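Undergrad: got a predicted structure here, sequence first:
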Amino acid sequence: MSAMARTTKRRWAVAGTGAAVVGALMLMLFRGVGGAPLAPAKAPPRPTVTVVSQRDVAVNDESVLLDPMPLFLPTKWNATQREIPAPEPGGRFQGYDTPRLAFAENELKLGLSDPISVPAGPAKAVTEDAVAAPLVGFGRLDTPVVAPKARGAFVEIVEASTGRTVWSDQIVEAPEGKGLWQPLEFMARVDPAGLVGPLVVTTRSGVEEVDGFFAKYLARTLRVGERLAPGFYRISVGP
């Protein structure tokens, strides 16, 4: 064998050895973590139909719960079929000619109350329940009502320093034809000789004639200056 042929064989041997080493390194790079082989993918389960006995209570209950039938349709759980006897020969629609004015035990029960009579008029309606209590009013006496004394206004005099009421009474005189008026108040100063100056209006009634009428009445007719001890007083007048 010549030297050239031996050189060529040597090169091919070195190249083959290098390729084998590179292939081994590539296999080591693609190995799984931990060295465990990958499990093959499982095929999805195929749907199957299993025949179950009607005595299996659990399966029957599950089928009732998962029943897609609407609840408003009649089923054996919410409706029953009434057995109707067959008509007799020669009598068509036998049993349906006579009207029934009442429901059977297994049909609808309205539970209506007893009918009531409508009163003929307002007076009858007011005395409708009088029969239920026929003794109402026995043992009662008519108490005489005393008519209140006529008055035009109410006067109250209060001591300004202490707030003590020193005099209060009703008066008959009142301004005539002045309409409605609000309670009013005066301030008075009294010394041993009587009123010191005219009464001062601190709260007006809303009607000027009413204020003037009571100012004159308290000073001239009622004479509060002669009735009261020396001091300051608040005089309230109300309707």
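TA: Cool, the structure landed.

Undergrad: what about this protein, any weak spots by pLDDT?
TA: In the predicted model, the chain carries pLDDT under 70 at residues 1-4, 29-41, 82, 84-111, 128-142, 177-178.

Undergrad: quick one: the helices in it?
TA: Secondary structure of the chain (DSSP state H): helices at 3-29, 57-65, 122-126, 208-216, 224-227.

Undergrad: wait, which of those is closest to Thr143?
TA: Of all the helices of the chain, helix 122-126 sits nearest to Thr143, with 24.1 Å by CB to CB. In this view, the C-beta of every residue, glycine as well, is placed from N, C-alpha and C.

Undergrad: on that earlier part again, deepest of the helices of the chain, which one?
TA: Mean neighbour count (mean count of other CB atoms under 10 Å) peaks for helix 208-216 among the helices of the chain, with a mean of 18.

Undergrad: which other helices and strands does it contact?
TA: Applying 3 or more CB pairs under 8 Å, 6 or more residues apart in numbering; DSSP states H and E, we find helix 208-216 packed against strand 184-191.

Undergrad: quick one: strands adjacent to the strand it packs on?
TA: Here strand 184-191 is paired, per DSSP bridges, with strand 194-195 (antiparallel), strand 200-203 (antiparallel), strand 231-238 (antiparallel).

Undergrad: can you give the contact residues for that strand?
TA: By CB atoms under 8 Å, 6 or more residues apart in numbering, the residues outside strand 184-191 that reach it are 160, 195-197, 199-205, 210-211, 214-215, 218, 224-225, 228-238.

Undergrad: what subset of those is buried?
TA: Neighbour counting with 16 or more other CB atoms under 10 Å marks 195, 199, 201, 205, 210-211, 214-215, 218, 224-225, 228, 233-237 as buried within these.

Undergrad: test my guess that Val52 contacts Val59.
TA: Yes: counting by CB atoms under 8 Å, Val59 is a contact partner of Val52 at 4.8 Å.

Undergrad: export stretch 69-79 to PDB, keeping only CA atoms.
TA: C-alpha atoms of stretch 69-79 as PDB (Å, rounded to 0.1, in the frame of the first residue of the first chain):
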ATOM      1  CA  MET A  69     -86.800  19.800  31.000                       C
ATOM      2  CA  PRO A  70     -88.300  23.200  31.900                       C
ATOM      3  CA  LEU A  71     -89.900  23.400  35.300                       C
ATOM      4  CA  PHE A  72     -93.100  24.900  34.000                       C
ATOM      5  CA  LEU A  73     -93.900  21.800  31.900                       C
ATOM      6  CA  PRO A  74     -96.100  19.200  33.600                       C
ATOM      7  CA  THR A  75     -94.100  16.300  34.900                       C
ATOM      8  CA  LYS A  76     -94.700  13.500  37.400                       C
ATOM      9  CA  TRP A  77     -93.200  15.700  40.100                       C
ATOM     10  CA  ASN A  78     -95.600  18.700  39.700                       C
ATOM     11  CA  ALA A  79     -98.800  17.300  37.900                       C
END
